[in-house]
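In: Requesting a structural model of the entry that follows:
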Amino acid sequence: MKRQLLALLILLLCASCTRDHLYYASSNTATVLVEPDWSASGLKPNGVSVYAFDETDGSLYKRFPPVSAQDKCYVKLPEGEFTLVVMNDTPEEFGGRINFVGEDNLNTFKALGVKDELRSQKLQEHLQSKAEAGDYCIMEPDTLALAVIRGVKVRPEQVDYYYDMPQTDISDEAIIVPARPENVISQVNITAHVKGLKYARGTTLSFLRGVAAGHMIGKEENTLEQTTQAFILNNRVFDAGSDSDGTIKANFLSFGLVGDGNTDSRYYLDINFVLINGDPYPMTFDVTELIQVDVSLSLKLTLNLDLEIELPEVVGEDSGGFNTDVNEWVDEVVDIPM
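Out: Residues are numbered from 1 along each chain as shown. The predicted structure is shown next:
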């Protein structure tokens, strides 16, 4: 009898340890695999940052930690509908070149140029009485590529459930979201053909006025606010067979045209020549009609400004004459070997 009772207890004990498998929810979120294709931007970024915004009111759900993989990024989203913003690297890595503001809502999220205090002062001096409160220069921005993916839906049945307690929070059945980031920064190429280039000693700081002050990420277009980009125009090449005429060039990065590029905004180029006699020779051009938009793989657009400039003939240094002033004598001691 005791043996039978003992066997029954053992049987009950074994049966009590056997249970059905349970299904575990993963924090009521679904796994989303973002797959960026960087071919349109020409970039090979060090990392990827992803923002998720609520589709209904634009509020930020989460800025996910950056990942180092270029072509894949796993994020977790709850049930709902979202807009994802994918960008190269992280906002902090653009410090000093681009400011990211208003990230709490997609409607206010912007990438703005950083004010260049020293060059802004130079611009004010150049414009003098024509200067206005909004005339300022920004630092040359770094290359920024963005993809805005709208309508990313997570349905209740897509929330991650597991047959057993998962060993990892990455689902094998992730929602795949392709992304194709494109550059929002433009390459500005300026080429000026100058007759009488030999009469120029060089150029001081030049300005391209009227470019966009930044990019509105949620609207996927540049700001309507205008600013100035300062640059040095000094790449001098004389024409073949000529010792007088030639070209000067410059290229730099900029946010480019304001808005969607179809506004009535005007763009001005200030080139500040210094002639060989030391006299300043500033020139201002309305280049609005000269801007050519060139869509390319690596850049959203290129601004080509081809100018024809003629400088006055000047002779010699210091207004064309010899400098008759005599500098003070300076004693110089020279050792003479004996």
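In: so residue 192 sits right up against residue 285, yeah?
Out: No. Residue 192 lies out of contact with residue 285 (CB atoms under 8 Å); the separation is 9.1 Å. For every residue, glycine as well, the C-beta is placed using N, CA and C.
In: Name the residue in these two with the higher neighbour count.
Out: Between residue 192 and residue 285, counted using other CB atoms under 10 Å, the more crowded position is residue 192 (22 against 15).
In: isn't there a strand covering residue 35?
Out: Yes. Residue 35: assigned to a strand according to DSSP: H, G, I helix; E, B strand; the rest coil.
In: before we move on, the earlier item: can you pull the residues that touch both of residue 192 and residue 285?
Out: Contact criterion CB atoms under 8 Å, 6 or more residues apart in numbering; residues bridging residue 192 and residue 285 by contacting each: 271, 307.
In: So which residues of the chain form helices?
Out: Using DSSP state H, the helices of the chain run over residues 2-16, 117-127.
In: Worst mean pLDDT among these?
Out: Mean pLDDT values for those show the minimum at helix 2-16, a mean of 60.
In: what about stretch 190-209, distance to the chain center?
Out: Here stretch 190-209 is found 27 Å from its chain centre; the criterion is CA atoms, centre = their mean, to the nearest Å.
In: buried sites along that stretch?
Out: Neighbour-count burial for stretch 190-209, with 16 or more other CB atoms under 10 Å as criterion, is recorded at 190, 192, 194, 196-200, 203, 205-209.
In: Now the two most distant members of those.
Out: Greatest spacing in the buried residues of stretch 190-209, by CB to CB: 198 and 209 (28.3 Å).
In: Make a markdown table out of the buried residues of stretch 190-209 and add pLDDT and distance to residue 55.
Out: As requested, the buried residues of stretch 190-209 are arranged in a markdown table below (pLDDT from 0 to 100; distance: CB to CB, whole Å):
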| residue | pLDDT | distance to residue 55 |
| --- | --- | --- |
| 190 | 93 | 42 |
| 192 | 92 | 48 |
| 194 | 95 | 54 |
| 196 | 95 | 60 |
| 197 | 94 | 57 |
| 198 | 94 | 62 |
| 199 | 95 | 61 |
| 200 | 93 | 56 |
| 203 | 87 | 50 |
| 205 | 93 | 46 |
| 206 | 95 | 45 |
| 207 | 96 | 41 |
| 208 | 96 | 38 |
| 209 | 96 | 38 |
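In: Residue 137 and residue 124 touch, don't they?
Out: No. Using CB under 8 Å, residue 137 is not in contact with residue 124; the gap is 9.6 Å.
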